[in-house]
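[1] okay, predicted coordinates and the sequence, questions at the end:
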Amino acid sequence: MKKILVGNVYGITFLIAMLMASAESYAASYYGTGLCAYPQYQCLKVERGQSWATLFPDEQQRDIVQRINRSYNSLWLGKQIAVPRDLENKTMLDFAPFPLQINPEGEQQVIVDQDKLAWGAYDTNGRLIKWGPISSGRDKCPDSNNSCRTMTGIFHFFSKENEKCRSNVFPIGKGGAKMPYCMYFHKGFALHGSEDIPGFRASHGCVRLFTRDALWLNHEFVVTANPKINFLGTKIIVRPINSTTSGKE
Amino acid sequence: MKTINNSKVIAALFTIVSGNLDAASAVKQDTSAVKEDNRNPIGCMDNGYEFDLDTLRLVSNAVGAKQALYFLHNTSTTNITLYQMRGEESSRSMYLNHVINAGQWAVLSTSEKKMKYICAIPSAKSPYGKIVDCSQSLRVCEYNNVRYGLNNQGNYWLVNSNSRNGAVNAVVHYGIIPGV
């Protein structure tokens, strides 16, 4: 009887896993213009001379709209962005693509979801503290024969650096690309700040964040491994890509 | 004239026979290469796993180790998809599902004490494939003495799908097992 019950639990979980995978493959409307179809949002076409600052003079509202559109790159004429109809008294958590509360597992975690193009930070009580946009590894890089996709799995941060962090690989042959507030989680893969978050997967394999988010994670959240006290470092879960849309320009 | 004809016949026969011998030797070499690729890599032990009701359970046998390293060989002639099963649901749970190409090896690095997988082969009827008995299509072994650095720990597929030597070389390159 017990065996059957255990089997059922596994079976249900397996079914849920398959359903989740199926749902993820249609997860095209979590961000950006994909949200325009929903009544809570309107689509705005950028006109000549408009910028993030002129469109949204309020810094907090600007921050929310940039997060929703998964980009803070300069706007251009004709570019479409999704804007919530009601931004009054809203915080970024009102628009989070992650659950605000999950089962506590007794440790801090960073989730990187490459389909939602977002990261989320959970505290030890399973509470979502902060989230933000990402741009992870593209399917194919112009300067490499190998795939540039970000390594997926469950890892721990083992090293971090300050705003002066630089790549020793990219640009290929020279190195020196800026990776402010880098936080390494597996070999050369890291989370780091970037001025270029275009709203799709565009990196060589690292996970780019808004620089202000990288600073917060680096200073306020991520603790690196300490073998002396048998601590592996803050956990990071990099979810695999199920959707075909997150890599499209 | 007759002598010339006879010698021509003998030459032709010799060519055919030697051609067949070459072909036979090529087949033998191919078979030995396949056999070579079927065997567990040196140091990879036949333990740390069990097949249970068509599923594969990975239960690390390495005493005191935080990380386990498994080599999985798809012995069948079709691709196999491994769907991870979990005993409990969590919104953060990540399923380390994976596809191993026909006849190839994959390497899983894990820090979980127990992992369970269902095996499926491609099917026209379902995008998830048809569930099959893992024990009929997989060969599994575990490295018991593995050394991880801080920068390569965690749960991830270290080798996606490769030949046996290719898989071993990738793990050596990671610095987890020493090179020969």
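    That came through, no problem. Residues are numbered from 1 along each chain as shown, chains lettered A, B, ... in the order given.

[2] list the contacts for residue 55?
    No chain specified, so I'll use chain A. Taking CB atoms under 8 Å, 6 or more residues apart in numbering or on different chains, we find A:L55 in contact with A:L44, A:V46, A:R62, A:V65, A:L75. Every residue, glycine included, has its C-beta placed from N, CA and C.

[3] that was the other one, I meant chain B.
    So B:T55 contacts A:Y10, B:M85, B:K116, B:Y117, B:I118, B:C119, B:C134 (CB under 8 Å, 6+ apart).

[4] state the phi and psi torsions of it.
    phi -100, psi 170 (degrees, to the nearest 10).

[5] which ones among the contacts of B:T55 are found in strands?
    In this view, the contacts of B:T55 that belong to strands under DSSP state E are B:M85, B:K116, B:Y117, B:I118, B:C119.

[6] related to what we said a few turns ago, and the contacts of A:L55, which of them are in strands?
    Reading strands off those with DSSP E, I get A:L44.

[7] which member of the contacts of A:L55 is positioned nearest A:V112?
    Minimum separation from A:V112 among the contacts of A:L55 (CB to CB) is found for A:V65, which lies at 21.9 Å.

[8] doesn't A:R85 make contact with the closest one?
    No: using CB atoms under 8 Å, A:V65 is not in contact with A:R85, being 11.9 Å away.

[9] comparing these two, which shows the higher neighbour count?
    Taking neighbours as other CB atoms under 10 Å in any protein chain shown, A:V65 and A:R85 compare with A:V65 leading, 21 against 9.

[10] which residue is the nearest non-sequential neighbour of the residue in chain B that chain A sits nearest to?
    Using CB to the nearest CB, the single residue of chain B nearest to chain A is B:Y156, 2.9 Å away. Computed as CB to CB, 6 or more residues apart in numbering or on different chains, the closest residue to B:Y156 that is not its neighbour in sequence is A:G153, at 2.9 Å.

[11] close to chain A: what parts of chain B are there?
    Neighbours of chain A within chain B, by CB under 8 Å from any CB of the partner chain: B:53, B:55, B:83-92, B:94-97, B:111, B:116, B:118, B:128, B:150-157, B:174.

[12] list only those of those residues flagged as buried.
    Neighbour counting over these (16 or more other CB atoms under 10 Å in any protein chain shown) leaves B:55, B:83-86, B:92, B:94-97, B:111, B:116, B:118, B:128, B:150-157, B:174 as the buried ones.

[13] report the contact partners of residue 100.
    Looking at chain A here, since you left the chain open. A:L93, A:R127, A:L128.

[14] wrong one, I was asking about chain B
    B:L72, B:H73, B:N74, B:N79, B:I80, B:L82, B:A106, B:S161.

[15] now do A:G176
    Shown in contact with A:G176 (CB under 8 Å, 6+ apart): A:R166, A:S167.

[16] find the nearest non-adjacent residue to the residue nearest to the spatial centre of chain B, please.
    In chain B, the centroid-proximal residue (CA atoms, centre = their mean) is B:H73; its distance is 1.9 Å. In this structure, B:H73 finds its nearest non-sequential neighbour in B:R139, 4.1 Å apart by CB to CB, 6+ apart.

[17] got the domain ranges for chain B?
    Residue ranges for each domain of chain B read B:1-38, B:44-174, as given by automatic domain parsing.

[18] average pLDDT for the longest one, rounded please.
    Going back to what we said before, that points to domain B:44-174. Across domain B:44-174, pLDDT averages out at 91.

[19] could you check how far it is from the centre of its chain?
    9 Å (CA atoms, centre = their mean, to the nearest Å).

[20] and the end-to-end length of it?
    16 Å (CA to CA, to the nearest Å).

[21] hey, where'd the helices end up in chain B?
    All helices of chain B, identified by DSSP state H, fall at B:2-38, B:164-174.
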